[in-house]
Structure formats: C-alpha cells, structure tokens
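Undergrad: Starting from these lines, generate the structure:
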Amino acid sequence: MLGPYGTPGLCGVYALVGLVFGLLCAVVFRSRKKNEPRGVRRALALAAACVVPALAASVVFSGSVRIGPFDSVLTSAELGSPVAQAVCDVVLMVGTTLAFDAIVQHWYERRPYMSVRTIVRSQMLGVLTVVFVAAFAACFVAITRADRNDAWRAMRSILTYVSDQDAKHDIVENYLQGQCTLMVIEDGVVTCSNNPSYREGEALQTVLGEEGASFVASLAQSGSMAQTLQVGTSGLTEIAYACAQTMDDGRQVIVQMPFSTVFDQRRETMAGASLVALAMLAVTYALGSLLLRKVMIGPINRVNASLGCIVNGDLDELVTETESVEFASLSAQINETVDALKRWIGEAEQRMERELVAARAIQQSALPKEVPNHGVLDLYASMVLAREVGGDFYDYFWVDDHTLGFCMAYVSGKGIPAALYMMRAKNELSSCMQAGLPLASAISLANTHLSEGNDALTFVTVWAGILDLHTGTLTYVNAGHNEPLLLREGRWEWLRESDGPLMGFSELATYQSRTLVLGPGDASLLYTDGVTEAMNTQHKLYGEERLKTLVDACVDLTPCELDEAIREDLSVWTAGAEQSDDITMPTICLRSRGQRGPATRHGDLW
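TA: Numbers count the residues shown, from 1 in each chain. Sure thing, here's the model as predicted:
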C-alpha cells in the first residue's frame, strides 16, 4: 500500500499482485484466440480489470483508520489524501499488470521459434514465480497477523501493568517513553501522558476527534485493538494501533503503539524468508532443468540425431529410445515407418529397373542393326552406356545406292529425358539428311525442328557426314561436337574445324559444310566426350593426348580392332572408378577397290 495510510515497504504487494494478475489476464486473453484483444483495447481491458480491486483495497484500508485528529491529518503535507492513496494503488497495479502482460505476449509470439528446452524452462520459471508470489503473500499475511497479535498482547500487558500501579503520574510519564504513547483520561480530559504532543488538561475531543471519547469507551469495553492516527514525539502524524482499559475508579488508560514499532521486525523477517524461498526455488529450477534434460531433452536430441541419419539416406539407422513408454512407442513407430519406406523403395527400384530394361531395349532397337553392305567400306560402331539408357547415339544409312550418310551425336543430360530427346534428334537428322537437301541445309532444318518446343533447353552436339563411295568425297558438318580423328596416308590427325553452334538452342542457327577426299585405307574415328572425359580414381581425365598416342600405335588395326584397343585402354585408365558418361565410337574405313569381304556387324550395345 502506497500513500497516506501505508509505508513504502508494502509497495511490493501491489507489484506482485500485478504480476500474477498480468500473467492470468494474458493466459485468459490467449485462450480466446480469434477474439483476443490487441493494442489499445487490450490495455483498456487490463486497466479496467485492475481498477476495481485496487480501489476496493484502498477504501477498505482507509476505512480501517477509526479515530484521530482528522482535521489536521487529512491535510498534512506528510500524508496527502485518500484520493492520492487510491490513485497510487491503481497506477501501480495497472502498470505492473501491463508490463507482465506484455512479457507474456512477447513470449507467446516467440514460442514457435523456441526449442522445447526453452519453452519448458520458461513455463517452469513462470510457475515458480507464481509460487514465489503466493508464498511471499502468505508469509507476509502470516507475519503481519503474528506481529499484530504480539502487539495486542504487549499493549494488554502495558495496560495491566499501568493499572496495577494505579496509573501514577510519574510512572505514566516515564514508562516506555518514545516507544508507546500512554494517556490517562478522566472525565474526558487528558490527565497524564508520556507523549509531549498530548498535553495534560487537553480535552479528549481535541486530541482524538469528536468521536474519540465514545471510541475509547467502546475500545476499553471490548478489549480489542484498532488502527488510529497519532502524533508522534517528533510531531509527525503516523499510523498506530491502540488499546484501552477502564480502571476501577472510572479513569481510562489508552496505549498507542506506532506502526513502525509493531512491524519493526517484519522487513527483516520477510527479507530472510524471501532469500530462503528464492534459494529453494533456484535449487528447484536447477534440479528441474537437469531432470528435463535427462528425461526429455536428451532422448529428443538422440531421436533427432537418428532422424537426421535417416533423412541423409541411412535407412539402416534404428531409433532405440526406450527409457519411457512414450519414447519407446515413438521409436517403434519411426522404425516401422522406415521399414515400410525401405520396402516401398525396393519395390519402386524393381519397377524402375523393369521400365529401364524396356527403355534400353527400345533404344537399342532404334540404332542401326546391319552395316551397309559395300565392298570398299569397313564400318564398326559401339556404345557403352553410363546408365541403363543414355543420350549418345550414332546412325548410318544409304542416301542413294553409292552415298552413305552417317552421324555421331551427344545429347545433354542423362537417363530417360536424354534418351527421349535422343530418339527425337535421331529421327530428325536421318529424315532431313535423306531428303536430298545439301548437308548444311539438312542440318539447319533439323536444328529448326529440334529447337521448337525445347522448353527444357536440351542441346545436341552433332558430327554428320555424307560419303560418296564412288569418288571418296566426304562432306561433313560439325555442330559443336568433339573433333574426330582422321587417318590419312598412314597418320592420324585431328579434324579441328567446327562449322556451327550446338543444335536445339536457336531456330535461327545456320551451318556450313566442308569437303575432303578419302583414299583407300583412310579412316575416320568419331567419338563422344565420354571417351576423352573418362576419369580415373584420382579424378584425372583420359584426355585427347592419350587418345592420340593410342591410335598412333594402332594404324594397321581394323575398325573393330581399334575400337577394342581403345575400350581396353579406357578400362585400364578408369579401373575402380564409376563410368560418368556414355562412351560411343563409330569408325569408318575405306578399303581398296577390288578388296572384298563380308560386311562387319557393329559391336553389341552395352
């Protein structure tokens, strides 16, 4: 209680009440969810809820002061007025309530971003705070009642002693001077007092007010204790407790004990009790935190660690938390879910494997089966896929009875998307090259068709050629593909010209063709980047230099033998490493006229 009828030591009562009230209001408002008041509405609602109990407490306390020199007291500078008392009470309680409501609001807003440990610790701290407030209030009430009872017994003893001494003048003046106020009243006049503020000969009405005499009589008759106002020895007005007794000769003895004397030990007692309570609550909080960590946080962290392993692909990880029924049930459900997921993945992989086998068979069927049967031509081709299906392809076909068209292509990407685009590119290239158009125009037309609707921006690198077997004239276009190797006059050399951009990006791209003449024994080796970019276990590339060195040593080999030699060297280079790309190599060699032999069938697809 703060103001004219209280002491600063009681300010904490309203602060603690405001704390509890703020917490309760925040929880109640939160439970309303959609209709939860916000902003000014919330502040006004809290203030209205605080005004009634604060004013009621002020009125009750003010009304308990029964007698005193009211005319001077209520206007004194030391104490103010009852209105100021009520305003102070209301402001203190409203302010504390709003503050703690804001704290709870902030906690609720941050709750979705808090860990379980933080949430539980916060709630535990809130519960302990409420427990401390309740214990503090109960202790305060108990100590206050005990001090009041002790004061009543002490004042009754004083009255008994003074009465037994017949209220002699010298005893009254010197007994407990400065600690209690003793007055002897006879016929409504103060006859003796140990407080100089109450002079002998003054009328009781002057000292205690108009109702003082009747109040003293009723107090003496009841033997109880009541609150009054007194003027202390220093001249300041203060709250006091009073008891009265009527002697056998009709005189009345009244004793007033100041508020500060009655409760002189309460502050120290409350401070000691509060420290003990805080220490016990701190120990409780620490033990609760340790128990929380052992019983809940630890198992949760271990379950999360196992889930992290499962999410990262380790489906053999088991959750083995069985310290409680709840965690044992959770662990069992997680393990059952993972087992079901493993079965589903296994079944899905089997279905995918069957579908990929079918797709691989379809892709194999799209490649040419037989080598063109011509006496001056040796042709061999092979393709080793990095996956079940891929994007590399080769093709050869007769344009007329003496002209062979062929191409080597690489489609970006891997797997089924690349294989689907590969089928489209193969059909477009073969159709356009067999349409009788010049090679450059045929490639440009195929690029226009491939660029249409290519939202995925898949591209194709192509090396395409048309070989006239009567003259040995080779017309070719390189659309961003790897440079082939050309065997002429017993030496392998790079055919470095590039005549156009990648196919599939732009419908406006144009291409140019080049021409050279092959003689008997000349050959061309086409390949995709799966050859030169094959990596070993040290992540080093096979490279063009190693390929050139190898073919230089294989000048006299047939196309089939050259293909086998390159694949063997690639196997040695990549031993222990996973194949990262498709490996495709068609080889064409011209033989001398008159040299006849069976047509060579291309190698098996891998």
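
Undergrad: the strands in the stretch 201-350 of the chain, which residues?
TA: Secondary structure of the stretch 201-350 of the chain (DSSP state E, counting those that start in this stretch): strands at 226-231, 237-246, 252-258.

Undergrad: helices or strands next to the shortest one in the packing?
TA: Contacting strand 226-231 under the criterion 3 or more C-beta pairs under 8 Å, 6 or more residues apart in numbering; DSSP states H and E are the following elements: strand 65-67, strand 237-246, strand 252-258. C-beta coordinates here come from the backbone N, C-alpha and C atoms, glycine included.

Undergrad: nearest to Glu483, of those?
TA: Taking C-beta to C-beta, strand 237-246 is the member of these nearest to Glu483, at 107.9 Å.

Undergrad: what angle separates the closest one from strand 226-231?
TA: 120 degrees (axes from the mean of the first three to the mean of the last three C-alpha atoms, to 10 degrees).

Undergrad: can you tell me the average pLDDT over the helix ranked longest in the chain?
TA: Identified as the longest helix of the chain according to DSSP state H is helix 116-164. Helix 116-164 shows a mean pLDDT of 84.

Undergrad: just stretch 395-411 next, same as before
TA: Average pLDDT, stretch 395-411: 88.

Undergrad: how near is Thr584 to Ala446?
TA: 19 Å (C-beta to C-beta, to the nearest Å).

Undergrad: circling back to that earlier point, could you dump the helices and strands packed on strand 226-231 into CSV with distance to Glu202 and mean neighbour count added?
TA: As requested, the helices and strands packed on strand 226-231 are exported to CSV (distance: least, C-beta to C-beta, whole Å; neighbours: other C-beta atoms under 10 Å):
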stretch, distance to Glu202, mean neighbour count
strand 65-67, 15, 19
strand 237-246, 16, 22
strand 252-258, 13, 24
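
Undergrad: got JSON lines for the strands of the stretch 201-350 of the chain, with distance to Met124 and mean pLDDT too?
TA: Below are those laid out as JSON lines (distance: least, C-beta to C-beta, whole Å; pLDDT from 0 to 100):
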{"stretch": "strand 226-231", "distance to Met124": "41", "mean pLDDT": "76"}
{"stretch": "strand 237-246", "distance to Met124": "40", "mean pLDDT": "83"}
{"stretch": "strand 252-258", "distance to Met124": "43", "mean pLDDT": "87"}
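
Undergrad: okay, those in TSV with distance to Phe393 next?
TA: As requested, the strands of the stretch 201-350 of the chain are exported to TSV (distance: least, C-beta to C-beta, whole Å):
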stretch	distance to Phe393
strand 226-231	106
strand 237-246	105
strand 252-258	109
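
Undergrad: Mind checking those for the one nearest to Leu487?
TA: strand 237-246 (119.9 Å).

Undergrad: So which of the helices and strands packed on strand 226-231 is nearest Glu173?
TA: Closest to Glu173 of the helices and strands packed on strand 226-231, according to C-beta to C-beta: strand 252-258, at 13.2 Å.

Undergrad: so what strands line up beside that closest one?
TA: Strand 252-258 sits in its sheet next to strand 181-186 (antiparallel), strand 237-246 (antiparallel), going by DSSP bridges.

Undergrad: Now the shortest one: buried residues?
TA: What that stands for is strand 181-186. 181-185 (16 or more other C-beta atoms under 10 Å).

Undergrad: Out of these, the closest to Arg42 would be?
TA: Thr181 (50.0 Å).

Undergrad: what sits against the closest one?
TA: 193-195, 198, 230, 232, 240, 255-257 (C-beta atoms under 8 Å, 6 or more residues apart in numbering).

Undergrad: The longest helix of the chain to strand 226-231, inter-axis angle?
TA: Put simply, helix 116-164 runs at 80 degrees to strand 226-231, going by the same axes, to 10 degrees.

Undergrad: which other helices and strands contact helix 116-164?
TA: Judged by 3+ C-beta pairs under 8 Å, 6+ apart, the packing partners of helix 116-164 are helix 11-31, strand 181-186, strand 237-246, strand 252-258, helix 259-262, helix 266-292.

Undergrad: let's go with 7 Å and repeat that
TA: Counting by 3 or more C-beta pairs under 7 Å, 6 or more residues apart in numbering; DSSP states H and E, the packing neighbours recorded for helix 116-164 are helix 11-31, strand 237-246, strand 252-258, helix 259-262, helix 266-292.

Undergrad: buried ones in the last one?
TA: Taking 16+ other C-beta under 10 Å as the neighbour-count basis, helix 266-292 is seen to contain the buried residues 266, 269-270, 273-274, 277, 281, 288-289, 292.

Undergrad: Format the residues you listed as CSV; extra columns: pLDDT and distance to Leu98.
TA: Shown next, in CSV, are the buried residues of helix 266-292 (pLDDT from 0 to 100; distance: C-beta to C-beta, whole Å):
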residue, pLDDT, distance to Leu98
Arg266, 83, 29
Thr269, 86, 31
Met270, 85, 26
Ala273, 86, 29
Ser274, 85, 24
Ala277, 87, 26
Leu281, 87, 25
Gly288, 85, 29
Ser289, 85, 30
Leu292, 83, 31
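
Undergrad: ok, so of these, who is nearest Asp522?
TA: Proximity of the buried residues of helix 266-292 to Asp522 (C-beta to C-beta) peaks at Leu292, which lies at 83.2 Å.

Undergrad: distance of the nearest residue to that closest one once chain neighbours are set aside from Ser324?
TA: Spatially, and ignoring its direct neighbours in sequence, Leu292 is nearest to Val120 (5.6 Å; C-beta to C-beta, 6 or more residues apart in numbering). Going from Val120 to Ser324 by C-beta to C-beta gives 15 Å.

Undergrad: more neighbours, those two?
TA: Neighbour tally, Val120 and Ser324, criterion other C-beta atoms under 10 Å: the higher count belongs to Val120, 17 against 12.

Undergrad: Isn't that one up against Ser289?
TA: No. In this structure, Val120 is not within contact of Ser289 by C-beta atoms under 7 Å, at 8.7 Å.

Undergrad: just the buried residues of helix 266-292 now: which is nearest Thr558?
TA: Leu292 (78.8 Å).

Undergrad: if I look at that closest one, how far off is Ser306?
TA: 20 Å.

Undergrad: How about Val531?
TA: 45 Å.

Undergrad: Neighbour count: those two, which is higher?
TA: More crowded of Val531 and Ser306, by other C-beta under 10 Å: Val531, with 24 against 20.

Undergrad: And the more buried one, what's its pLDDT?
TA: Confidence score, pLDDT, at Val531: 86.

Undergrad: and it, which of the three is it?
TA: helix (DSSP: H, G, I helix; E, B strand; the rest coil).

Undergrad: My read is that it contacts Glu544, right?
TA: No. Here Val531 lies out of contact with Glu544, judged by C-beta under 7 Å, at a distance of 9.1 Å.
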